[in-house]
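Q: Turn this into a model:
(2 chains)
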Amino acid sequence: MPPPSATAEAGPDTAAPSRPRRARRTTLVLGLIGCVVLLVLVCLLSIAVGSKQIPLPAVIDALRHYNEADTDQVIVRSLRVPRTLIGLLVGAALGLSGALMQGVTRNPLADPGILGVNGGAALFVVGGIYWFGMSSLTSYVWLAFVGAAAASVVVYLLGSLGREGATPVKLALAGAALTAMLGSLTTALLIGDVDTFDQFRFWSVGSFAGRGPDIAKQVAPFILVGIVLAIFCGRLLNALSLGDDVAKSLGQRVGLARAFVAVVVVLLCGAATAAAGPIGFVGLTIPHVARLVTGPDYRWILPYSALLAPILLLGSDVIGRVVAQPGELQVGIVTAVFGAPFFIMLVRRRKLADL
Amino acid sequence: MTASAVHLVARARVARQTRSLAVIVVLAALVFAVFCVSLSLGDFKIPVIDVVKTLFGGGDHATEFIVNQLRLPRALTGLLVGAALGLSGAIFQNIARNPLASPDIIGVTYGASAFAVLGIVTLGLTGVAVSALAIAGAVLTAFVMYVLAWRHGVSSYRLILIGIGIGAIATSITSYLLTKARVEIAQQALVWLTGSLNGRDWSNVRSLAITLVVLLPFMVLLVQQLRILQLGDDTAYGLGLRVEASRLGLIVIAVLLAAVATAAAGPIGFVAFVAPPIARRLTRSAGPAMIASGLLGALVVAVSDLIAQHAFGATQLPVGVVTGVVGAPYLMFLLARTNRVGSGG
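A: Coordinates of the predicted model:
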């Protein structure tokens, strides 16, 4: 959230534009409040709707005066509340990391999924199941986290090779290349071993189902720290978005700033992928939606992304639970079906020079 | 231009053609050598000499059975699939004038995979029916991509990026289908998904060979236009070429080649991608170097399948695992290198 700017009212010449600016800020703050309200509604929806029909009064009772004897209330407390919580955390993490990635690489196509993060997480999860016989979702969390971090570093380094540095197309392609290679290695492990494959295939679609409170507890610290750090990156990203030369002349230490943002990104999308498996396109699309509302100022884009992404994610999760009754459609599938057309629209709209 | 300059240019051209020819001959010899070695290896080893004899009709009864009935279909399928992928990649890359545009990077083979897995998992299909679905999937995906990438003509980066987007949808559908199936069936689909030559028989060879023979005249015809397209759209228009029509024709052929190859052996990654640039570098050709690309594709698949079958003791890997692990570093190398030159891919 931007600090209230004192400079705007300081000089007589800045007094004139301050009123429309203040009006705009009021609109944006109201918009944020609207997002919060919407998010709360989606959270309630996510707690109330599920494959088992639970009457609304029982849901409310479970939240207000919990009665352990009532199975309906136990379902709400032990399954739906943690699931919603994870959706909330993962959503905020993906939205923010997408916005940070796009800001730091000045790349409209940056997204954890496209940039190979998921491929790295997948290989590490498979390796853990295959070599160390790990089988609990909680142990996948750590594997995925390390794998995601390693892959993002490699893709960024690969994409920055060469004269022009990390251009959008190069990063997307480096991500595609690394994903392909990691995918081959992953398959090599999976083909030999039915049990590993059986466990992995459910992780790999990206889902909140069966993620209990223990997983929420494990990833929450990383994501919360990441969110706090990310919100403070706005000013940094604004400077970087002017281009390296201008940022330098404004006294910004560009390399250091990039490294800091990169660490926050790894923290956020590593933890998100660890908690829910690979979920594509949320990190890609949400910052663009936020930008439509806020304009190019990252101090606003970041909080909007942090609120809009969980709305999308929890909404998709609810849709996934409703459309495929009696089973459910994993949230990763729903976001891909919504997100990919948006990506394509984006590619079509941009001028080639921007890509 | 003076007479001696003309002479020099002519001599350079002759030198380049001689080089191309030499490369093609050497590649063909290599392909044949690897082919013979792969026929000689297996549970029952046969000396390479005997393999060659058998191929030309002179072996004894037992050798003939093992070579012709058991090993030949797989080896031939590998060669034909490799050649088809090499040719397809060469056409794609030359149309887009971008080394990154190959059917496995842009989503064509992902679309084929999603359809094939749909067939395997939900309809319980095997064999030819899966192949047919894969072809349908590839063609449909390519069509959707072409339409979406169309905006006052098709630009290469738009095509590639849209391909990546469509590939992502197809991949997520595929992994969803894998969660729905019984684990044994999903495993079977996974082997197909990686690209495997295991258990190919003469019917695969036949359908591949027929497709290649049918496509050949069109290819010869259109590759001439590809040379003109390479001069740039404006020049091509100036020379009287109907640019979009011939581009569409070439894309159709390239998609069919990739589709047939994918149908026969699953999406073997990176072959279509690595063969053409290496072919061009070897022949030092400015043009598409089609024959060399096809031969290199065949060579890559043959060598990779040899490694996949025999390098890991009792475990047999699908050939696609080997091509994927070898191919991706090459993509990264290319990425770094093209950008150092500054051509942006």
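
Q: how many neighbours does A:Leu178 have?
A: Using other CB atoms under 10 Å in any protein chain shown as the criterion, A:Leu178 is surrounded by 25 other residues. (C-beta placed from N, C-alpha, C; glycine too.)

Q: actually B:Trp150, not the one I wrote
A: If you count neighbours by other CB under 10 Å, B:Trp150 ends up with 15.

Q: Tell me which residues touch residue 241, please.
A: Just going to use chain A. Residues near A:Ser241 by CB atoms under 8 Å, 6 or more residues apart in numbering or on different chains: A:103, A:106, A:296, A:298.

Q: oops, chain B please
A: Counting by CB under 8 Å, 6+ apart, B:Leu241 touches B:225, B:228-229.

Q: same check, this time on B:Ile210
A: B:Ile210 neighbours (CB under 8 Å, 6+ apart): none.

Q: check whether stretch B:75-92 contacts chain A.
A: No: judged by CB under 8 Å from any CB of the partner chain, stretch B:75-92 and chain A are separated, with a smallest distance of 14.5 Å.

Q: list the buried ones in that stretch?
A: Buried residues in stretch B:75-92, counting neighbours by 16 or more other CB atoms under 10 Å in any protein chain shown, are found at B:75-92.

Q: Could you do stretch A:216-225 as well?
A: For stretch A:216-225, burial by neighbour count (16+ other CB under 10 Å) applies to A:216, A:218-220, A:222-223.

Q: Which of those residues sits closest to A:Val146?
A: Lowest distance from A:Val146 to the buried residues of stretch A:216-225 (CB to CB) belongs to A:Phe222, with 12.2 Å.

Q: so how far is A:Leu185 from the nearest residue to that closest one once chain neighbours are set aside?
A: Leaving aside its sequence neighbours, A:Phe222 sits nearest to A:Ala271 (CB to CB, 6 or more residues apart in numbering or on different chains; 4.0 Å). A:Ala271 is 23 Å from A:Leu185, where distance means CB to CB, to the nearest Å.

Q: quick one, which of those two is more surrounded?
A: Using other CB under 10 Å as the criterion, A:Ala271 and A:Leu185 rank with A:Ala271 on top: 28 against 18.

Q: Run through the residues of the stretch 151-300 of chain B sitting next to chain A.
A: With CB under 8 Å from any CB as the criterion, the stretch 151-300 of chain B meets chain A at residues B:151, B:155, B:157-158, B:160-162, B:164-166, B:168-169, B:172-173, B:175-176, B:178-179, B:183-184, B:186-187, B:190-191, B:193-194, B:269-270.

Q: which residues in the stretch 201-350 of chain A form helices?
A: A:213-231, A:234-240, A:244-249, A:254-276, A:282-294, A:298-323, A:331-349 (DSSP state H, counting those that start in this stretch).

Q: other SSEs contacting the third one?
A: Read that as helix A:244-249. Judged by 3 or more CB pairs under 8 Å, 6 or more residues apart in numbering or on different chains; DSSP states H and E, helix A:244-249 is in contact with helix A:234-240, helix A:254-276.

Q: how far away is A:His65 from A:Val282?
A: Shown here: A:His65 relative to A:Val282, a distance of 35 Å by CB to CB.

Q: One more: B:Ile307?
A: Distance of B:Ile307 to A:Val282, given as CB to CB: 39 Å.

Q: Settle it for me: which of those two has more neighbours?
A: For B:Ile307 and A:Val282, the more surrounded residue by other CB under 10 Å is A:Val282, and the numbers stand at 33 against 17.

Q: dump the residue contacts of the closest residue to the more buried one other than its chain neighbours.
A: Spatial nearest neighbour of A:Val282, chain neighbours left out: A:Leu94 (4.4 Å); criterion: CB to CB, 6+ apart. Contacts for A:Leu94 (CB under 8 Å, 6+ apart) come out as A:112, A:268-269, A:272, A:279, A:282-283, A:286, A:309, A:313.

Q: before we move on, what about B:Val243?
A: With contact set as CB under 8 Å, 6+ apart, B:Val243 has these partners: B:153, B:229, B:233, B:236-237.

Q: So which of these wins on neighbours?
A: In terms of neighbours by other CB under 10 Å, the contacts of B:Val243 top out with B:Leu229 at 22 neighbours.

Q: so who does that one touch?
A: Contact analysis of B:Leu229 by CB under 8 Å, 6+ apart lists B:94-95, B:236, B:241, B:243, B:246-247, B:250.

Q: I'd say A:Val219 and A:Leu89 touch.
A: Yes: using CB atoms under 8 Å, A:Val219 is in contact with A:Leu89, at 6.4 Å.

Q: Overlap of the contact sets of the two?
A: Each of A:271-272, A:275 lies in contact with both A:Val219 and A:Leu89 under the rule CB under 8 Å, 6+ apart.

Q: Those residues into CSV, with extra columns for pLDDT and distance to A:Ala239?
A: Conversion of the shared contacts of A:Val219 and A:Leu89 to CSV gives the following (pLDDT from 0 to 100; distance: CB to CB, whole Å):
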residue, pLDDT, distance to A:Ala239
A:Ala271, 87, 26
A:Ala272, 88, 26
A:Ala275, 86, 32
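
Q: picking up where we left off before, which one of the contacts of B:Leu241 is nearest chain A?
A: Taking CB to the nearest CB as the measure, chain A lies nearest B:Leu229 of the contacts of B:Leu241, at 18.6 Å.

Q: Mind pulling up the pLDDT for the closest one?
A: As predicted, B:Leu229 sits at a pLDDT of 78.

Q: gap between it and B:Met145?
A: Going from B:Leu229 to B:Met145 by CB to CB gives 19 Å.

Q: And A:Phe260, by the same measure?
A: Separation of A:Phe260 from B:Met145 (CB to CB): 38 Å.

Q: between the two, who's got more neighbours?
A: B:Met145 (26 against 16).

Q: wait, that one sits on B:Pro103?
A: No: under the criterion of CB under 8 Å, B:Met145 makes no contact with B:Pro103, lying 10.6 Å away.

Q: hmm, back to that, please narrow the contacts of B:Leu241 to those residing in helices.
A: Among the contacts of B:Leu241, DSSP state H puts B:225, B:228-229 in helices.

Q: Return the member of the residues you listed nearest to B:Ala311.
A: Nearest to B:Ala311 among the ones in helices among the contacts of B:Leu241, counting by CB to CB, is B:Leu229 at 40.9 Å.

Q: hang on, the earlier thing: generate a PyMOL selection restricted to the buried entries among the residues of the stretch 151-300 of chain B next to chain A.
A: Command for PyMOL, covering only those of these found buried under the criterion 16+ other CB under 10 Å:
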select buried, chain B and resi 155+157+158+160+161+162+164+165+166+168+169+172+173+175+176+178+179+183+186+187+190+191+193+194+269+270
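
Q: Filter the residues of the stretch 151-300 of chain B next to chain A down to the ones in helices?
A: Under the assignment DSSP H, these contribute B:157-158, B:160-162, B:164-166, B:168-169, B:172-173, B:175-176, B:178-179, B:183-184, B:186-187, B:190-191, B:193-194 to helices.

Q: A:Gly50: what secondary structure?
A: Following DSSP: H, G, I helix; E, B strand; the rest coil, A:Gly50 is assigned to coil.

Q: what's the spacing between it and B:Leu8?
A: As judged by CB to CB, A:Gly50 and B:Leu8 stand 79 Å apart.

Q: When these two are compared, which one has more neighbours?
A: Neighbour comparison, A:Gly50 and B:Leu8: the larger count goes to A:Gly50, with 18 against 12 (by other CB under 10 Å).

Q: In the strand or helix carrying A:Thr26, which residues are buried?
A: Per DSSP states H and E: A:Thr26 is located in helix A:15-48. If you call a residue buried by 16+ other CB under 10 Å, then helix A:15-48 has these buried ones: A:25, A:28, A:31-32, A:35, A:39, A:42-44, A:46-48.
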